[in-house]
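Novice: Whatever this is, show me its structure:
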Amino acid sequence: MSEVTSLNILIFGVDNQVTDGVSNRLRSQGIQAESLVISNTQESDTEIERILRSKDWNGLIVGHGVRQDQEWFERIMNIVNTTNPNVSIINTKGPDDVENAIERYFNV
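Specialist: Model prediction:
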């Protein structure tokens, strides 16, 4: 992936090591990336809303640990659509596919 400085990517997941690793890899390639470990709680929902409002995010990656719980994932997507409807959801095959998914989605 070529150096991209204009993208702001947010990563939600349940494993701090994975989410931090992904955001660090993206930052090393010039992408503004931030990760947030989330849980299936009201407190976490509030934090999700806060971070979604904090910046003009181009893309959001939601990890498999969240996506595998359909009801939780749908609740998160409702929060995203209500709080920041312009953020694009980036689908990945896993942590090793993040860069490829960003290239596919943003054509970079």
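
Novice: which residues of the protein fall in helices?
Specialist: Ranges of helices within the chain are 16-28, 42-53, 64-67, 70-83, 98-106, based on DSSP state H.

Novice: any idea how far the third one is from the chain center?
Specialist: Okay, so that is helix 64-67. Its chain's C-alpha centre and that of helix 64-67 lie 11 Å apart, by CA atoms, centre = their mean, to the nearest Å.

Novice: And the contacts of that helix?
Specialist: Applying CB atoms under 8 Å, 6 or more residues apart in numbering, the contact partners of helix 64-67 are 12-15, 38, 72-73, 76, 94. C-beta: built from backbone N, CA, C; applies to glycine.

Novice: Can you lay out the helices of the chain as JSON lines showing mean neighbour count, distance to residue 90 and mean pLDDT?
Specialist: Putting those into JSON lines (neighbours: other CB atoms under 10 Å; distance: least, CB to CB, whole Å; pLDDT from 0 to 100) gives the following:
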{"stretch": "helix 16-28", "mean neighbour count": "16", "distance to residue 90": "11", "mean pLDDT": "96"}
{"stretch": "helix 42-53", "mean neighbour count": "14", "distance to residue 90": "15", "mean pLDDT": "97"}
{"stretch": "helix 64-67", "mean neighbour count": "16", "distance to residue 90": "12", "mean pLDDT": "94"}
{"stretch": "helix 70-83", "mean neighbour count": "14", "distance to residue 90": "12", "mean pLDDT": "97"}
{"stretch": "helix 98-106", "mean neighbour count": "17", "distance to residue 90": "5", "mean pLDDT": "95"}
